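**Student:** sequence? don't have it. structure:
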Ligand SMILES: *[C@@H]1O[C@H](CO)[C@@H](O)[C@H](O)[C@H]1NC(C)=O
């Protein structure tokens with residue numbers, strides 16, 4: 001599909017012809033026109049000179065941009081070892097990369113030229129540039145962006161917490177995916193140094209320079225997609241939001257091209273999920289060694305939220321590398337999902353990569369596997385300067401669908417919550433009064449939408465849902481939220497909000513403090529800072545261990561929280577970052593009019609289109 005679309009572009013480009021008044025006509029195909037020579041002869045001398053001038057300028061600019069691309073390869077097309085390989089199906093092995101790094105400068109530039117040729121036809125690239133003005137795809141911030149020092153004691157406390165987590169990770173799990181703080185060991189998931197890559201931009205924002213440099217050196221020397229270091233099978237969505245997102249934000253803040261090269265490696269490795277799918281809906285997993293994508297072992301389907309939570313990152317990758325294929329592949333998914341039949345804008349949580357259709361009898365929810373579909377409708381619309389109308393339309397329709405089908409209130413305390421529609425045929429989905437802590441991202445998203453012109457009712461819903469999320473914390477003796485809460489909808493004698501013991505764990509999740517950060521920046525209500533600070537203190541009290549922070553198994557008993565021996569990478573990437581930003585004296589320390597944050601709290605620049 002990619003070669004086809006390139007082909008079309010080429011045709012459009014060469015159909016530039018001149019009509020008999022000397023006006024340049026971009027629309028009509030060349031072959032149907034009068035012979036060029038006769039047109040030329042009928043022109044006045046002034047018209048001829050004008051055309052000669054235009055041709056000269058075109059040739060000059062093509063020549064300039066080709067020689068520029070040879071002399072500044074890092075800026076335009078960062079070094080990628082994947083691309084430099086001659087055989088795409090060859091397993092990615094460390095020696096290839098080491099060889100390339102150890103060669104002299106001359107060899108390296110040869111490698112880069114080869115990489116250019118493998119990547120994309122240079123003429124094609126020149127064409128693309130002529131088609132689109134440069135400012136669309138230039139990196140937004142080639143210069144480093146520096147953040148001010150912590151502005152108060154609370155922010156400093158969050159930095160201390162981060163340093164404690166970081167030093168323990170460094171001591172016991174350096175370069176591994178996750179720290180296990182109780183057993184002082186590491187947990188391997190994808191073998192991609194998840195915690196380290198996920199933490200880069202938080203380190204930068206907090207001004208932890210030495211730690212950032214340490215981590216950057218690891219990325220430069222050790223981050224690789226090889227069989228030895230990475231588990232061959234990885235999840236497209238998780239790697240996109242954590243690794244690709246993390247590398248891109250690190251690039252935008254630091255301006256260091258190193259991160260673009262690594263982001264490109266990851267993007268290339270993940271792309272087969274889209275390219276090898278018959279429908280364009282990506283497979284959920286890919287083998288990093290063989291580049292063969294596949295569905296999860298337990299199902300033929302992909303999660304709807306997973307396939308629709310890739311677009312911010314892949315679009316940004318296209319913006320910084322100028323390689324269109326990333327944005328094209330991921331945008332196509334949005335367009336396909338847009339064209340599918342929904343229930344008042346609400347989507348079933350599974351979708352099939354073979355057929356490109358929803359699994360219609362799967363659940364509908366704003367929690368796991370549904371959540372970030374809605375988030376990325378809005379955020380993609382914002383990221384592209386509000387130029388893609390269908391994203392806004394789908395978002396508006398879905399919020400109306402949430403209000404119509406999923407919002408309920410409890411009888412005593414009048415708590416508003418967002419429930420789920422269970423599995424079953426379209427018209428017979430049963431309402432389930434259950435809300436994942438994950439849903440607490442929604443108040444922030446709704447408030448952000450309202451900030452960008454969505455209806456007042458969205459902000460009202462945001463406020464009421466935020467209050468309920470607050471009680472998910474405040475009702476517990478630990479002041480920490482369970483993973484899942486249930487709500488009473490009928491019986492005025494029962495408790496309004498209750499927790500099953502199986503769902504009583506707290507995994508250091510960020511969604512509520514994420515919403516607090518967004519709503520504090522947009523409303524200025526300082527109550528949100530107080531709430532965030534209380535949660536931070538609870539984390540200090542119940543989750544801090546001598547060697548980092550741990551998820552806990554039971555928020556219902558403050559004398560026995562049952563440490564789970566796991567520090568998720570999103571604790572450093574999201575929870576502590578959002579707390580740090582929330583507690584700053586300057587609510588716009590990270591300006592939401594300039595950045596859109598991906599689902600893992602990695603800021604990416606907003607452009608005009
Ligand atoms: C701030 O938010 C809290 C919690 O929702 C609310 O009770 C309070 O009225 C708000 N304050 C202002 C000034 O809006």
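**Tutor:** Done, it's in. Quick caveat: nothing in here was measured; it's all calculated off a predicted structure. Numbers count the residues shown, from 1 in each chain.
**Student:** Give me the nearest residue to residue 176, chain neighbours excluded.
**Tutor:** Among residues not flanking residue 176 along the chain, residue 186 sits closest, at 3.5 Å (Cβ to Cβ, 6 or more residues apart in numbering). Where C-beta positions appear, they are placed from N, C-alpha and C, glycine not excepted.
**Student:** The one you found: which element?
**Tutor:** Under the criterion of DSSP states H and E, residue 186 resides in strand 185-187.
**Student:** what mean pLDDT does whatever helix or strand comes next after that strand have?
**Tutor:** Scanning forward in sequence from strand 185-187 by DSSP H and E, the next helix or strand is helix 194-205. Averaging pLDDT along helix 194-205 gives 98.
**Student:** Distance from the chain centre to helix 194-205, please.
**Tutor:** Its chain's C-alpha centre and that of helix 194-205 lie 14 Å apart, by Cα atoms, centre = their mean, to the nearest Å.
**Student:** same check, this time on stretch 309-325
**Tutor:** Centroid displacement of stretch 309-325 relative to its chain, using Cα atoms, centre = their mean, is 10 Å.
**Student:** and what of stretch 353-367?
**Tutor:** Distance of stretch 353-367 from the chain centroid (Cα atoms, centre = their mean) equals 21 Å.
**Student:** near the ligand, which residues of this protein?
**Tutor:** 463, 467, 525, 527 (Cβ under 6 Å from any ligand atom).
**Student:** Around the second one, how many other residues sit close by?
**Tutor:** Pointing back at residue 467 there. When neighbours are counted by other Cβ atoms under 10 Å, residue 467 registers 15.
**Student:** hang on, isn't it packed against residue 415?
**Tutor:** Yes - in this structure residue 467 lies within contact range of residue 415 using Cβ atoms under 8 Å: 7.3 Å.
**Student:** Please identify the helix or strand for residue 172.
**Tutor:** Assessed by DSSP H and E, residue 172 sits inside helix 153-173.
**Student:** picking that back up, quick check: the farthest pair among the residues of the chain next to the ligand?
**Tutor:** Spatial extent of those (Cβ to Cβ) is set by the pair 467 and 525 at 11.9 Å.
**Student:** where are the low-confidence patches of the stretch 1-150 of the chain?
**Tutor:** Applying pLDDT under 70 to the stretch 1-150 of the chain flags residues 1-40, 62, 64-141.
**Student:** in it, what residue is nearest the ligand?
**Tutor:** residue 150 (24.3 Å; Cβ to the nearest ligand atom).
**Student:** nearest spatial neighbour of that residue, skipping sequence neighbours?
**Tutor:** Residue nearest to residue 150 in three dimensions, not counting chain neighbours: residue 156, with 4.7 Å by Cβ to Cβ, 6+ apart.
**Student:** Identify the residues contacting residue 197.
**Tutor:** Residue 197 makes contacts with 219, 223, 242, 243, 246, 247, 250, as judged by Cβ atoms under 8 Å, 6 or more residues apart in numbering.
**Student:** how close does the fourth one sit to the ligand?
**Tutor:** With distances taken as Cβ to the nearest ligand atom, to the nearest Å, residue 243 is found 36 Å from the ligand.
**Student:** Let me see the contact set for that residue.
**Tutor:** Neighbours of residue 243 in contact, by Cβ under 8 Å, 6+ apart: 192, 194, 197, 198, 266.
**Student:** Looking at those residues, which one is closest to residue 165?
**Tutor:** residue 198 (11.7 Å).
**Student:** What strand or helix carries residue 179?
**Tutor:** Here residue 179 sits within strand 178-180, counting by DSSP H and E.
**Student:** what sits up against that strand?
**Tutor:** Contacts to strand 178-180, defined as Cβ under 8 Å, 6+ apart, come from residues 165, 168-169, 172-173, 186-187, 189, 194-195, 547-548, 565-569.
**Student:** rewinding a little: among the contacts of residue 243, which two are most distant?
**Tutor:** For these, the farthest-apart pair by Cβ to Cβ is 198 and 266; their separation is 13.0 Å.
**Student:** Who has more neighbours out of these two?
**Tutor:** Set side by side, residue 198 and residue 266 show more neighbours around residue 198, with 30 against 26, by other Cβ under 10 Å.
**Student:** Could you list the low-pLDDT ranges of this structure?
**Tutor:** Low-confidence segments of the chain, defined by pLDDT under 70: 1-40, 62, 64-141, 226-231.
**Student:** same thing but 80
**Tutor:** By pLDDT under 80, the low-scoring segments of the chain are 1-44, 46, 54-55, 57, 59-142, 225-232, 491-492, 609.
**Student:** you'd agree the residue nearest to residue 150 is up against residue 163?
**Tutor:** No - with contact defined as Cβ under 8 Å, residue 156 does not reach residue 163; the gap is 10.3 Å.
**Student:** Let me see the contact set for residue 378.
**Tutor:** The contact partners of residue 378, taken as Cβ under 8 Å, 6+ apart, are 391, 392, 395, 445, 448, 449, 452.
**Student:** tell me the contacts of the fourth one?
**Tutor:** Right, residue 445. Taking Cβ under 8 Å, 6+ apart, we find residue 445 in contact with 374, 375, 378, 379, 515, 518.
**Student:** burial count for residue 530?
**Tutor:** 12.
**Student:** Contacts for the helix or strand hosting it, please.
**Tutor:** Per DSSP H and E: residue 530 is located in helix 527-542. Here helix 527-542 makes contact (Cβ under 8 Å, 6+ apart) with 154, 157-158, 161, 470, 473, 478-480, 508, 512-513, 516-517, 519-520, 549, 552, 558, 561, 575, 578-579, 582-583.
**Student:** Could you check how far that helix is from the centre of its chain?
**Tutor:** On Cα atoms, centre = their mean, the centre of helix 527-542 falls 27 Å from that of its chain.
**Student:** Could you check the angle it makes with helix 153-173?
**Tutor:** Counting by axes from the mean of the first three to the mean of the last three Cα atoms, to 10 degrees, helix 527-542 lies at 40 degrees to helix 153-173.
**Student:** Return the subset of the residues of the chain next to the ligand lying in helices.
**Tutor:** Among the residues of the chain next to the ligand, the members found in helices (DSSP state H) are 463, 467, 527.
**Student:** Now do the contacts for residue 497.
**Tutor:** Going by Cβ under 8 Å, 6+ apart, the list of residues near residue 497 reads 410, 413, 415, 468, 471, 472, 475, 485, 486, 487, 488.
**Student:** Grab the nearest non-local neighbour of the first one.
**Tutor:** Going back to what we said before, that points to residue 410. residue 496 (3.8 Å).
**Student:** repeat for the third one
**Tutor:** Residue nearest to residue 415 in three dimensions, not counting chain neighbours: residue 468, with 4.7 Å by Cβ to Cβ, 6+ apart.
**Student:** Distance of that neighbour relative to the ligand?
**Tutor:** In terms of Cβ to the nearest ligand atom, residue 468 sits 11 Å off from the ligand.
**Student:** so who does that residue touch?
**Tutor:** Residues in contact with residue 468 (Cβ under 8 Å, 6+ apart) are 415, 416, 417, 435, 497.
**Student:** let's see it at 7 Å
**Tutor:** 415, 416, 417 (Cβ atoms under 7 Å, 6 or more residues apart in numbering).
**Student:** Now go through these and say which are in strands.
**Tutor:** The strands, defined by DSSP state E, take in 416, 417 from the contacts of residue 468.
**Student:** Next secondary structure element downstream of the helix or strand harbouring residue 372?
**Tutor:** Element membership for residue 372, per DSSP H and E: helix 371-383. Downstream of helix 371-383, the first helix or strand assigned by DSSP H and E is helix 389-405.
**Student:** List the neighbouring strands of the helix or strand following that following helix plus their orientation.
**Tutor:** The helix or strand immediately downstream of helix 389-405 is strand 407-409, counting by DSSP H and E. In the sheet, strand 407-409 lines up against strand 416-418 (antiparallel) (DSSP bridges).
**Student:** What does residue 182 show for phi and psi?
**Tutor:** The phi/psi pair for residue 182 (degrees, to the nearest 10) reads phi -80, psi -50.
**Student:** Great, nothing more from me.
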